[in-house]
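**Student:** give me coordinates for this.
(chains A and B)
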Amino acid sequence: MGKPATFRIWRGGPDGGGFQQYSTSVEEGMVVLDAIHHVQAEQAPDLAVRWNCKAGKCGSCSAEINGMPRLMCMTRLNELDLDAPVTVEPMHTFPVLRDLVTDVSWNFRAKKTIKRFHPRLPDAPDGTWRIQQADVDRVQEFRKCIECFLCQDVCHVLREHHKHDEFIGPRLLVYAAALEMHPLDTEDRVSDLRHRHNIGYCNITTCCRQVCPESITITENAIIPLKERVVDRYFDPIKSLFHIL
Amino acid sequence: MPEFQRFSYDVLVIGAGGAGLRAAIEAAATGARVGVICKSLLGKAHTVMAEGGIAAALANVDDRDSWRVHFADTMRGGQYLNDWRMAELHAREAPECVRELEAWGALFDRTPDGRILQRNFGGHRYPRLAHVGDRTGLEMIRTLQDHGIHQGMEVHMECTVLSLLMDDGRVAGACGYDRERGRFQLWQAKAVVLATGGIGRAYKITSNSWEYTGDGLALAYRVGAELQDMEFVQFHPTGMVWPISVRGILVTEGVRGEGGVLRNSDGRRFMFDEIPDNYKEQTADTEEEGWRYTQGDKNARRPPELLTRDHVARCINREVKAGRGSPHGGVFLDISWIKDRLPKAADHIKRKLPSMYHQFRQLADLDITREPMEVGPTTHYMMGGIRVNGDSQMSSVPGLFAAGEVAAGLHGSNRLGGNSLSDLLVFGRRAGRYAAEFAKNNSTATIDEPELQSTATAALAPFERGPSAENPYKVQHDLQEIMQSLVGIVRVESEMRQALEEIDRLRARAERAGIGGNREYNNGWHTAIDIHNMIVVSEAITRAAIFRKESRGAQFREDFPDKDAEWGKFNIVIRRGASDEMLVEKRALAPPPDELTAVIREMK
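**Tutor:** The predicted structure follows:
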C-alpha cells in the first residue's frame, strides 16, 4: 500500500556537507519525521536527527522542509508535493553539529540573561494568591511556547546579521513578555529590553509569527507591547519635556 | 585509551523531567554542588507530554476533599499493593508542592474566586487536579526549568549514561558520553538521584517519547539495586489509533473529565455494561447522572468512563475483540455530543482541550468539536521500578536514590491519572533533600579507573563490529513487537515463556549490534546502547508477570483471571544474582499503621 517518495536530506558537519538523495515508501498519514526514521532504520543508521515526543509538544525536531522552518513531526507528507524530492535540511541560524542536528545551546545561555520571575507578596494569610482567569488567559498564549526555536531560525537579526551577542530573538522576547505580563510578577525588565537585549533591532516583519507551530501571535501580542513599554519609558515627548523642565 | 572529561558534584541527578529538576532544585537549595544530566535538551523531557493535571487535595473546588481521601483513593486505585508510607506522604505533601510551583511562576486555571481550579479525573473522588488547559506538564517543566537555571546547578544536555560507578558497596558517580560529539564524561558524585522515567519504548504502541528506554532501571539493576512491581505496566485506555504513524499518541483523560463518552460501533456506551464491585457505589447509574458529575454537580456520581485506567483499557480491548470496534481497531471517544447540552460547545471544547483539538486537527484531519475520535489502549506508564525507602527515596544501594516513574511504591498495581505529576514533585523534592544530606555525611568515593576504561571500550564495540553487523534499529523493532504481542494487556503464561526465549535471542543479537559512521550525534550508536537497557527491563516485566499468578490492577492474566487475596500480601522483587541471572522473589507488604487502616476502611 506504500508508494515511493524521494527525500533530499542534508548530510554533513561543521566543516561542510551536501544533500543526499534517499527513496523510501510512504503511507497515508505519515509525517516527515516518519520518513526520516525509515531512511535511518533501512539505509543510513548514522543519520543524525533530534526528536523526542513526536507529537508536537516538545519542540525538538525543528528543521527546514522545502525551505520552510517546521517541526518534522507535525508536517504531513500529504501537504507536500511528493512528485518532486522533499528537501530536509538543518536550521540555518544555528551551527550544524551533524546532519539535521544543530547546536541550539545559545538559546539556553541567552535565557539566563533575562531577569527571573519575582512574585508580589501573597494575597492570603495561607501564602496563596488570588488571580482572575482573565489575567491567566492573557499570558497563556506565551506559555504555550515549546521552545522549538523556529522563530529564532527565521529572525533575520539572527539569521542574516548574526547578532546573537546583542539580541535575544523572538523566542526570548516571548519569554520576557510572559514574565512582564505575569499577574504576580513585580520585576522590571524594560531597561534590559532596550539596552541589553536590543528589542529595537526587531522591525516587526512577522516572519517569526508565521512559522510558530503553536500559533503564538509573537509580533503583535508579545513584541509590540514590549516595544511600547520601552517607548513609554524612554521616548515619550511629554515625559521628556517634564524631564527638561 | 579513551579520554574522559571529568566533573565532580555532591549530588548528581540523572534525568531532567519533573522529578529530576525538582530533586536538583531541592539539593541545590541546601548548598550542595549539583550536576544534572539530560538525555535530551533541557525542558524536552517526557513530562511535557502530561496533559491532565497535578493531583493534590487543595479542596478548592470541593471542600470535602482532604489528604485522607486522596490517600484512600490512591490505595484503592493501586489495589492495596502500594507502599502505604509513600501514599501517605504523597497525599499530605502534594498541595504544598503545587503552591510552591505557583510561587515559582506556574499559572494554573482559576476558580471564580481566584484560587487554583481543580478538575475531575478517573479514580479521584473529588475534583482534584490542578491544571492549565490540557498542557499542565509543559507548564510544570517550564516552571521548574526556568526556576532551576538560576539555582546554580550545572546542566549536561543530551548525554547517555553508560553505567553507575561503585566504590565499596556505595555509589560513586556515573559515566557516559555527550551525544552531540560523543566525548566520554565522568560525573563523580557522593550521591546519585535517578529520575529517568519509564519504559514505554519497549512496546510497539506507546504514548512515550524515544527517551523512555528504561535506562535508570537497568543502571540500578546492574549495580545491585532491587526492582519491584515490574509486572504492572499501565496501558492508557485512550491513545490515537489512526493514522498508523501516530498510533499510541495520548488522548488525555481530560476529554472524559469534560464529558467525553466512549461508544462502540453500535453506538452503545459500553462502559455501563461492567462496573467493578469496589467502584459500584461511586459510579453513576444513568447517563444523565454522569453528565451532571462532569459539570460539577456535587450530588452526582462519576460516569463509568472515569473508572480506573486498567479497567477502561480492558473494556475497550473487549469491545474491539468482540468486533464492535471502530474502523481502525479502536472505539469511539466523543466530546462533540456535548453540543446538545451546552451553548457554544465548540468554543468550550477548544478552550478546555486546546492541544487535543490541535493534535487531531493537524495529525488526523479531524475536528473533535464535530466528530468522535477513534481511540485504543497505548503503553503509558510503569508503576513498578526501583524499590526505595518511602521517606528518603534511597534504593537498596547506599547513596543511590530514585524518584518519579523510575521508582516503585506509590502507585501499587495501578496509577490514578494526575498522581504522576504530584509524584514527581513530592518525591523529587524528598530525593533531592535526602541525597544532599547523604552527600553531606559522606566523603567523596573513589573512582574505579579500570572499570571506567572497560565501560568506554565496551561502549565503542558497536563501531568495531561495523555497519554490516546486526542492525540495532531492527533489534529494537523486534523487541517492541514481542513485548506488544506477548506481554501486553492480556497475558498468559505460555506466551510469556515464549517471550523470555525471544528476549534471550534478542540479547544475543544486541550483543552483535554494529554501526558505521562516527561518534557525533550518531542515533544508531545510541540505539545500540539503549537496547541493552530495554532488554533488561523487558525481561524483568515478563518474569514478574509470570510469577504473579493472579489478575490485579494493570496485570490481567487470562489463565488467572481473578484477584487472589493471598497475592495481595506481596510485592514481587527482582534483583541481579551472583552469576548475572535475574532473581525473582516475593516480598511481604508492610501493613499500614492502625490510623491509616481506619482511613482506608472508612472510605472503602
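**Student:** which residues of chain A fall in helices?
**Tutor:** Here chain A has its helices, by DSSP state H, at A:32-42, A:105-111, A:133-143, A:150-154, A:156-159, A:169-180, A:190-195, A:207-211, A:224-234, A:237-244.
**Student:** what sits against the residue nearest to B:Ser66 when sequence neighbours are not counted?
**Tutor:** Nearest non-adjacent residue to B:Ser66, counting by C-beta to C-beta, 6 or more residues apart in numbering or on different chains: B:Ala57, 5.5 Å away. For every residue, glycine as well, the C-beta is placed using N, CA and C. Going by C-beta atoms under 8 Å, 6 or more residues apart in numbering or on different chains, B:Ala57 touches B:65-67, B:69-70, B:91, B:94-95, B:126, B:128.
**Student:** tell me how far B:Ala57 lies from B:Ile338.
**Tutor:** 28 Å (C-beta to C-beta, to the nearest Å).
**Student:** equivalent analysis for B:Ile447, please.
**Tutor:** With C-beta to C-beta as the criterion, B:Ile447 and B:Ile338 are 60 Å apart.
**Student:** what's the local residue count around residue 39?
**Tutor:** Just going to use chain A. 20 (other C-beta atoms under 10 Å in any protein chain shown).
**Student:** wait, chain B was what I had in mind.
**Tutor:** Neighbours of B:Lys39 using other C-beta under 10 Å come to 29.
**Student:** isn't it up against B:Gly214?
**Tutor:** No - using C-beta atoms under 8 Å, B:Lys39 is not in contact with B:Gly214, being 11.9 Å away.
**Student:** which residues do these two both contact?
**Tutor:** B:Thr196.
**Student:** tell me the contacts of residue 136?
**Tutor:** I'll assume chain A. Going by C-beta under 8 Å, 6+ apart, A:Val136 touches A:183, B:107-110, B:132.
**Student:** not quite, go with chain B.
**Tutor:** Contacts of B:Thr136 by C-beta under 8 Å, 6+ apart are B:50-54, B:129-130, B:421.
**Student:** what comes up buried for stretch B:354-363?
**Tutor:** Going by neighbour count (16 or more other C-beta atoms under 10 Å in any protein chain shown), the buried part of stretch B:354-363 is B:354-360, B:362-363.
**Student:** go through those and say which is closest to chain A.
**Tutor:** B:Gln362 (5.7 Å; C-beta to the nearest C-beta).
**Student:** excluding its backbone neighbours, what's nearest the closest one?
**Tutor:** Closest to B:Gln362 by C-beta to C-beta, 6+ apart is A:Met74, at 5.7 Å.
**Student:** correct me if wrong: the one you found contacts A:Cys53.
**Tutor:** No - assessed by C-beta under 8 Å, A:Met74 is found out of contact with A:Cys53, at 10.7 Å.
**Student:** okay, now the unreliable bits of chain A?
**Tutor:** A:1, A:245 (pLDDT under 70).
**Student:** residue of it with the smallest distance to chain B?
**Tutor:** For chain A, C-beta to the nearest C-beta, closest residue to chain B: A:Gly29, 2.1 Å.
**Student:** now do the strands in the stretch 401-550 of chain B.
**Tutor:** Assignment of strands within the stretch 401-550 of chain B using DSSP state E, counting those that start in this stretch yields the ranges B:490-491.
**Student:** then the stretch 201-350 of chain B?
**Tutor:** B:227-228, B:233-240, B:261-263, B:331-334.
**Student:** is chain A within reach of the longest one?
**Tutor:** No - Strand B:233-240 is not in contact with chain A by C-beta under 8 Å from any C-beta of the partner chain; minimum separation 8.9 Å.
**Student:** as a markdown table, the buried residues of stretch B:354-363 with pLDDT would be great.
**Tutor:** Shown next, in a markdown table, are the buried residues of stretch B:354-363 (pLDDT from 0 to 100):
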| residue | pLDDT |
| --- | --- |
| B:Pro354 | 87 |
| B:Ser355 | 84 |
| B:Met356 | 91 |
| B:Tyr357 | 94 |
| B:His358 | 88 |
| B:Gln359 | 90 |
| B:Phe360 | 93 |
| B:Gln362 | 89 |
| B:Leu363 | 90 |
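**Student:** now the residues you listed in a markdown table, with distance to A:Ala5?
**Tutor:** Listed next are those as a markdown table, based on distance: C-beta to C-beta, whole Å:
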| residue | distance to A:Ala5 |
| --- | --- |
| B:Pro354 | 32 |
| B:Ser355 | 29 |
| B:Met356 | 29 |
| B:Tyr357 | 29 |
| B:His358 | 26 |
| B:Gln359 | 24 |
| B:Phe360 | 24 |
| B:Gln362 | 20 |
| B:Leu363 | 18 |
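**Student:** inside helices: which ones of those?
**Tutor:** B:354-360, B:362-363.
**Student:** number of nearby residues for residue 232?
**Tutor:** No chain in the question, so chain A it is. 11.
**Student:** meant chain B, my bad for not saying
**Tutor:** 31.
**Student:** any idea how far chain A is from the nearest residue to it once chain neighbours are set aside?
**Tutor:** Sequence neighbours aside, B:Met383 is the residue nearest to B:Phe232 in space, at 3.9 Å (criterion: C-beta to C-beta, 6+ apart). The gap separating B:Met383 from chain A is 22 Å, by C-beta to the nearest C-beta, to the nearest Å.
**Student:** which helices and strands does the one helix or strand B:Tyr381 maps to pack with?
**Tutor:** Assigned by DSSP states H and E, B:Tyr381 belongs to strand B:373-382. In terms of contacts (3 or more C-beta pairs under 8 Å, 6 or more residues apart in numbering or on different chains; DSSP states H and E), strand B:373-382 is packed against strand B:233-240, helix B:309-321, strand B:331-334.
**Student:** now with 10 Å, please.
**Tutor:** If you count contacts as 3 or more C-beta pairs under 10 Å, 6 or more residues apart in numbering or on different chains; DSSP states H and E, strand B:373-382 packs onto strand B:233-240, helix B:309-321, strand B:331-334, helix B:354-364, helix B:419-440, helix B:472-486.
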